[in-house]
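Student: give me coordinates for this.
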Amino acid sequence: MLNAGRNLCKSKVHKHASFSPFALHHHTPIPSKSQALTFTTTHPKAQSRRQPYKPSSRIPSAKRHIPPPTTSSQTPPAATQSSPPPVATSSALDPSSTTLPPPLTLPDRPPGTPWYKYYFSVGRTLLKFYKTGLLALFANRKILFQAPLRPHLLSANARKALLAGEITRAQYVFIKRVKADLLKVPVFAVLLLVCGEFTALLVPFVGAIVPKVVWLPVQWERARRKAKERRERAGKKVGYARKEAGGGEVKGLDFSYFPKSREGVERGEHWNEMVVNGVRFNAWPGLWDPLVYLKLLPGATLLKRLENRADELRLDDRAIARDGGAKEISVEEVKLCLDARGTDVRGMEESEMKAILGRFIEKNREEHKKKRHEGGTKGEPWGSKV
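Tutor: Numbers count the residues shown, from 1 in each chain. Below you'll find the model as predicted:
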């Protein structure tokens, strides 16, 4: 029995000998490196720890496509072309058109359109008009603080530079207009933010706070009509009638800027003429007129303001004569010149306006030469062009 049991155990051990570790190692092939890598990455935990190798998508530097260099004959695309920078002048006489109001075209009202829709579209058009004008003003401000205009921002420096020929008439006017409009921007910006599309309903009555770069055509018309009425009222109040340069007549009109002596005015002479000339050339605000008519303001103060205003106009006449003459100035500029000289330009032709401006320049050039000959005026002589 004992021997039979031992023989049975030996037979079982011999039967299962093929399942030993050595037998498994002998019959199972060893996976290659790539197979093992693929096997390990298929496990979800192993996939989160190690990612399979991916070839780079970059193109080798030797195979990259390098575009040919751009020659001078090739034109860059329109998207990369920068717009030309704004300029301060368009000629020696005319400042940039950005100092004037931008073009304004109001929409038409189609038949059957409700009135509120039409006026809303008009309001949006006017709002765009104001935005364009203010953006142009801010662009001009950048030019103002750049060379060659930056050293001449002060009025005294600009005047000296104009007399010395360092700047042109156009640059001088550019400085004056931009500075005057910038002072009105804060108050007008508040009005524009509060009223929005309805700003155009108020600006005709508050023109003093509106920059002229965003004046509407109705404002220019209203200002010229009011100025003429003021001149006529001043002549009636003081009992001094004077012909105005306009109406198609040029010959025989008075084109001087009050060349009377200070001593005569202080003695009480030429008072009426001083008042009429001060109103004509806008030497003082219109609110002063009732006090002036009653002689409640000192004559020395009024005369000083009139002399300063006359000096500005004489300086402009001299600059126009030097930089090309009245015949070379643009239509819009000649209108503004005659507005400053107390002349109603409504209904005038271009040739007529330029002829009147030429007479102003000629008259005051003669007075300048006369005073310079007498030793009362210093500086270089005027140009020869009128």
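Student: how about stretch 345-360: buried residues?
Tutor: With burial defined by 16 or more other CB atoms under 10 Å, the residues of stretch 345-360 counted as buried are 345, 348, 352, 353, 354, 356, 357, 358, 359, 360. C-beta here means a position set from N, CA and C on the backbone, and glycine is covered the same way.
Student: and those as JSON lines, adding distance to residue 162, secondary structure and pLDDT?
Tutor: Conversion of the buried residues of stretch 345-360 to JSON lines gives the following (distance: CB to CB, whole Å; DSSP: H, G, I helix; E, B strand; the rest coil; pLDDT from 0 to 100):
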{"residue": "345", "distance to residue 162": "25", "secondary structure": "coil", "pLDDT": "94"}
{"residue": "348", "distance to residue 162": "28", "secondary structure": "coil", "pLDDT": "93"}
{"residue": "352", "distance to residue 162": "28", "secondary structure": "helix", "pLDDT": "94"}
{"residue": "353", "distance to residue 162": "23", "secondary structure": "helix", "pLDDT": "95"}
{"residue": "354", "distance to residue 162": "22", "secondary structure": "helix", "pLDDT": "95"}
{"residue": "356", "distance to residue 162": "23", "secondary structure": "helix", "pLDDT": "94"}
{"residue": "357", "distance to residue 162": "18", "secondary structure": "helix", "pLDDT": "95"}
{"residue": "358", "distance to residue 162": "20", "secondary structure": "helix", "pLDDT": "94"}
{"residue": "359", "distance to residue 162": "22", "secondary structure": "helix", "pLDDT": "92"}
{"residue": "360", "distance to residue 162": "18", "secondary structure": "helix", "pLDDT": "92"}
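Student: any idea which of the residues you listed is closest to residue 145?
Tutor: residue 357 (31.5 Å; CB to CB).
Student: if I read this right, that closest one contacts residue 338, doesn't it?
Tutor: Yes - applying CB atoms under 8 Å as the test, residue 357 and residue 338 come out as touching, 6.2 Å apart.
Student: how long is stretch 158-178 from one end to the other?
Tutor: Using CA to CA, to the nearest Å, one end of stretch 158-178 lies 13 Å from the other.
Student: please renumber the chain so that the first residue is 283 from this point on.
Tutor: With 283 as the first residue, the last one maps to stretch 440-460.
Student: so what touches it?
Tutor: 370-378, 381, 419, 422-423, 425-426, 430-431, 433-435, 437, 494-495, 597-598, 601-602, 604-605, 661-662 (CB atoms under 8 Å, 6 or more residues apart in numbering).
Student: which pLDDT value goes with residue 480?
Tutor: Residue 480 is assigned 82 on the pLDDT scale.
Student: correct me if wrong: it contacts residue 405.
Tutor: Yes - assessed by CB under 8 Å, residue 480 is found in contact with residue 405 at 6.7 Å.
Student: and those two? which has more neighbours close in?
Tutor: residue 405 (17 against 12; other CB atoms under 10 Å).
Student: check the more buried one and give its pLDDT.
Tutor: 88.
Student: so for residue 642, what's the nearest residue that isn't a sequence neighbour?
Tutor: residue 537 (4.7 Å; CB to CB, 6 or more residues apart in numbering).
Student: just confirm that neighbour contacts residue 641, I think it does.
Tutor: Yes - using CB under 8 Å, residue 537 makes contact with residue 641 at a distance of 4.9 Å.
Student: what number of residues lie near the residue nearest to residue 642?
Tutor: 19.
Student: low-confidence regions, the stretch 533-668 of the chain specifically.
Tutor: 533-536, 540-550, 654-668 (pLDDT under 70).
Student: my bad, should have said the stretch 333-482 of the chain
Tutor: 333-370, 372.
Student: which stretches of the chain form helices?
Tutor: 284-297, 303-309, 315-323, 326-331, 397-426, 437-446, 451-477, 499-520, 544-548, 553-562, 571-575, 581-605, 613-622, 632-656 (DSSP state H).
Student: good, wrapping up.
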